[in-house]
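J.: Okay, sequence plus prediction incoming.
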Amino acid sequence: MLLLHSSTGRTLRTLKKLGFTPDIQTILDSFLEALGASGTLLLPLFNFDFASGVPFDIRTTPSQMGALTEAGRTRAEAVRTGHPIYSFAVLGNARERFRDLNNFSGYGADSPFAMLHKAGGKIAVLDLPDQHSMTFYHYVEESMSVDYRFHKHFSGLYTDFDGIACNRTYGLFVRKIEQGVATHVDPMGEALWAKGLYSGDRPGNGSGLRVIDASKLYEEVASVIVQGKARGLLYEIQ
């Protein structure tokens, strides 16, 4: 099981230079082929408009996480999870396990992040820094109940797969903005590189694709939090 965050611009340009016709669906197919028949691919379809009062339609609300994720969302066989801000498209062998998943908290114990963790999955990032990709950090922060974030509720109009619209409320474990808390996770990423927990290439180098085991990532981030070292590695005060 693989959660993939991605920026495909450089990959598409490289394909063009090599004489291939750039095609986002081909890149998506390549990941599915690499995972094989027994593999499962999770793509983040995060869209933050619901938090600003914009209605959410699980059938049509697009991903704001790049072309590859939107390509996955529109696949007929894709299963979409239900959180209106942190939903996922799931393709592959275990996709039915995610059908009708409607977790209340975006990073909660019943979220796709938790399912990935419990399944012993991995996280891959294509040409993005940790700051713009590794949302799994927030799943660890919620599970550890860090004191620099808090639970906040968002309500709005939600349209389900049957086209039925009603007002619904969902939660997120958000940073304490009034205390100046800002997400700052690139230093944590450097610590992961230093410990050899990331394998692959850094953004802009080689394939630009790096991979990490979700359980090892969880353990490392949880250790940082327990030791009181989160400030400077996971967040900063501005």
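T.: Sure thing, it's come through. Please read these numbers as outputs of a predicted model, since none were measured by experiment.

J.: list the contacts for Ala37?
T.: Ala37 makes contacts with Asn93, as judged by C-beta atoms under 8 Å, 6 or more residues apart in numbering. Every C-beta, even on glycine, is put in place using the N, C-alpha and C of the backbone.

J.: Specify the local secondary structure of it.
T.: Three-state call for Ala37 (DSSP: H, G, I helix; E, B strand; the rest coil): coil.

J.: Give me the pLDDT for it.
T.: Note for Ala37: predicted pLDDT of 96.

J.: separation between it and Phe88?
T.: As judged by C-beta to C-beta, to the nearest Å, Ala37 and Phe88 stand 20 Å apart.

J.: Who does the residue positioned nearest the centre of the chain form a beta bridge with?
T.: Centroid-nearest residue in the chain: Pro44, 4.6 Å away (criterion: C-alpha atoms, centre = their mean). Per DSSP bridges, the residues bridged to Pro44 are Phe88.

J.: ok, now which ones touch it?
T.: Leu3, His5, Ser63, Met65, Thr69, Tyr86, Phe88, Thr135.

J.: can you check Ala71 too?
T.: Residues in contact with Ala71 (C-beta under 8 Å, 6+ apart) are Ile24, Gln25, Leu28.

J.: Looking at the protein, which residue reaches furthest from the middle?
T.: Within the chain, counting by C-alpha atoms, centre = their mean, Gly19 lies farthest from the centre, at 31.6 Å.

J.: sec struct for that one, please.
T.: Look at Gly19: counting by three-state DSSP, its state is coil.

J.: Tell me the spacing between it and Gly206.
T.: 20 Å.

J.: and what of Ala78?
T.: Note on Ala78: its distance to Gly206, by C-beta to C-beta, is 29 Å.

J.: So which of these two has more stuff around it?
T.: Each of Ala78 and Gly206 has its neighbours counted (other C-beta atoms under 10 Å); Ala78 has more, 19 against 9.

J.: what are the phi and psi values for the closest residue to Thr169 other than its chain neighbours?
T.: Setting aside the residues directly before and after it, Thr169 is nearest to Ser155 in space (C-beta to C-beta, 6 or more residues apart in numbering), at 4.4 Å. Per-residue torsions, Ser155: phi -120, psi 150 (degrees, to the nearest 10).

J.: isn't Ser155 right next to Arg168, touching?
T.: Yes: if you go by C-beta atoms under 8 Å, Ser155 and Arg168 touch, sitting 6.9 Å apart.

J.: Who has more neighbours out of the two?
T.: Legend: neighbour count by other C-beta under 10 Å for Ser155 and Arg168, higher for Arg168 (18 against 11).

J.: Quick one: mean pLDDT for stretch 118-138?
T.: What stretch 118-138 shows for mean pLDDT is 98.

J.: What strand or helix carries Leu4?
T.: Using DSSP states H and E, Leu4 maps to strand 2-6.

J.: what does Thr69 give?
T.: Here Thr69, judged by DSSP H and E, is contained in helix 67-73.

J.: Tell me the helices and strands packed up against the helix or strand that that helix is followed by.
T.: Downstream of helix 67-73, the first helix or strand assigned by DSSP H and E is strand 79-80. Counting by 3 or more C-beta pairs under 8 Å, 6 or more residues apart in numbering; DSSP states H and E, the packing neighbours recorded for strand 79-80 are strand 88-92.
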